[in-house]
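A.B. asks: below: sequence and its predicted model.
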Amino acid sequence: MQATVATLRFRSSPGMKAHYEVLDGLRGTAAISVVIFHILEMTTPDWAHNPLHHAYLAVDFFFALSGFVVGYAYDQRRAKGAPPKIALTFGQFVQRRLIRLHPVVIVAATAGLLGYLFDPFVGTAQTVGIAISPAKLALIYALSLFLLPTPVLPNTFGETHSINGPSWTLFLEYVANLLYGLFGHLLKRRLHIALCIAAAAGLIATAMHFPQLGWGWDWKTMWVGYVRLAYPFLAGLLLYRLNLKLRVPQPYVVCSLILVAVFATPTMGRFTSLYEASCVIFVFPVILMMGAGVEKIAGRLGALCRFTGQLSYPLYIIHYPLIYMFGHWVWSTHPAGQTRDLVAVGLFATEITIATVLLYAYDLPVRAWLTKVLIDGGRQRVPAAAE
């Protein structure tokens with residue numbers, strides 16, 4: 001396959017930035033893979049036999065995408081001497097990130113609370129007043145609304161975000177965004193490269209400590225999440241700043257196939273975690289470079305990229321309460337294999353439907369309203385960068 005380094009010159013309206021549509025689509029591929037992986041976890045408890053053994057690496061891919069896209073959207077606007085019409089203060093940057101990300105956080109926390117309270121397959125294991133005090137549950141919900149780590153709830157495997165497990169990755173996204181907003185525009189190239197090398201070394205050292213890299217979601221291994229965040233976010237930001245792009249035929253299809261192949265590669269015994277670290281350090285940056293090599297995709301494939309890219313965030317952040325219910329149903333009733341698999345397929349379709357409704361009926365309208373009220377404020381709106 002021939003690949004050439006390409007520099008993109010977007011044709012867009014003054015002040016506006018175009019989206020990288022392939023990267024949008026790849027975000028969707030990764031999110032869908034995570035949902036399938038979590039469903040399969042409930043039907044195939046043995047991790048080594050899960051067909052998507054390494055799909056938790058989608059988290060690391062999200063971090064790399066975030067570094068690239070945040071740099072693309074905000075580097076010029078946070079730079080010293082940025083034109084007044086596009087310049088952003090740190091507070092304005094934070095405001096825009098909260099508008100982009102936090103409305104769905106509130107829905108996800110509420111869905112997680114309701115799922116925990118009304119799960120019909122757990123007996124008294126999650127009952128308020130028996131398994132947990134009302135005050136503790138109220139505290140956990142309040143912390144979840146702000147995306148903060150919570151005390152552990154019964155029956156949740158020690159997760160740091162106990163009523164909506166995947167929120168731990170978004171909490172780390174917030175950490176990365178805050179650090180970027182404070183220091184990203186001050187990060188010189190040599191220091192940036194040195195930090196990438198140090199972060200890669202830390203990731204390799206962590207991989208040598210664990211049989212696989214799928215940690216960071218519980219209190220015992222919370223530190224692993226920061227290690228998994230550091231390299232891909234810094235590398236994604238560096239790739240954007242170095243303007244490294246590869247032009248390949250059918251990039252969305254090619255990159256999606258590579259990504260799924262990374263997730264589905266058989267386990268490798270004691271070398272599994274080193275394989276995973278190698279994918280994060282070397283393969284994911286190459287996928288980003290290929291995904292950034294094309295501005296737009298025509299036809300149905302382009303529409304698919306745009307739709308799955310928009311869907312990816314609500315799908316990822318809202319899917320877990322039903323996954324827990326499904327797992328509890330499987331573990332408590334021991335359904336026949338065919339029945340279980342049919343329900344699993346129905347669950348996947350339900351997750352996609354819920355995320356789609358959430359996207360169009362809540363997320364997009366609420367973000368548009370918040371932007372109009374908090375950012376426009378009756379003034380001429382500063383065109384937003386693609387995010």
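C.D. replies: Great, that's in hand. Residues are numbered from 1 along each chain as shown.
A.B. asks: chain center to the longest helix belonging to the chain: distance?
C.D. replies: Using DSSP state H, we find that the single longest helix of the chain is helix 90-118. Helix 90-118 sits 14 Å away from the centroid of its parent chain (Cα atoms, centre = their mean, to the nearest Å).
A.B. asks: kindly export the helix or strand where residue 140 lies (C-alpha atoms) in CSV.
C.D. replies: Using DSSP states H and E, residue 140 sits within helix 134-145. The C-alpha coordinates for helix 134-145 follow below in CSV (Å, rounded to 0.1, in the frame of the first residue of the first chain):
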residue,chain,number,x,y,z
PRO,A,134,-29.1,6.7,51.4
ALA,A,135,-26.6,9.4,52.4
LYS,A,136,-23.7,7.5,50.8
LEU,A,137,-25.6,7.0,47.6
ALA,A,138,-26.6,10.7,47.5
LEU,A,139,-22.9,11.6,47.9
ILE,A,140,-21.9,9.3,45.1
TYR,A,141,-24.5,10.7,42.8
ALA,A,142,-23.5,14.3,43.6
LEU,A,143,-19.8,13.5,42.9
SER,A,144,-20.8,11.8,39.7
LEU,A,145,-22.6,14.9,38.4
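A.B. asks: how big is the angle separating that helix from helix 90-118?
C.D. replies: 140 degrees (axes from the mean of the first three to the mean of the last three Cα atoms, to 10 degrees).
A.B. asks: buried stuff in helix 134-145?
C.D. replies: Neighbour-count burial for helix 134-145 flags 137, 140-141, 143-144 (criterion: 16 or more other Cβ atoms under 10 Å). No exception for glycine: its C-beta is placed from N, CA and C like everyone else's.
A.B. asks: rebuild these as JSON lines, extending it with distance to residue 167 and pLDDT.
C.D. replies: Below are the buried residues of helix 134-145 laid out as JSON lines (distance: Cβ to Cβ, whole Å; pLDDT from 0 to 100):
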{"residue": "137", "distance to residue 167": "16", "pLDDT": "97"}
{"residue": "140", "distance to residue 167": "12", "pLDDT": "98"}
{"residue": "141", "distance to residue 167": "12", "pLDDT": "98"}
{"residue": "143", "distance to residue 167": "10", "pLDDT": "98"}
{"residue": "144", "distance to residue 167": "7", "pLDDT": "98"}
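A.B. asks: would you mind giving these as JSON lines with distance to residue 21 added?
C.D. replies: Converted to JSON lines, the buried residues of helix 134-145 look like this (distance: Cβ to Cβ, whole Å):
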{"residue": "137", "distance to residue 21": "42"}
{"residue": "140", "distance to residue 21": "39"}
{"residue": "141", "distance to residue 21": "37"}
{"residue": "143", "distance to residue 21": "36"}
{"residue": "144", "distance to residue 21": "33"}
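A.B. asks: any idea which residue sits dead centre in the chain?
C.D. replies: Residue closest to the mean C-alpha point of the chain, counted by Cα atoms, centre = their mean, is residue 62 at 4.4 Å.
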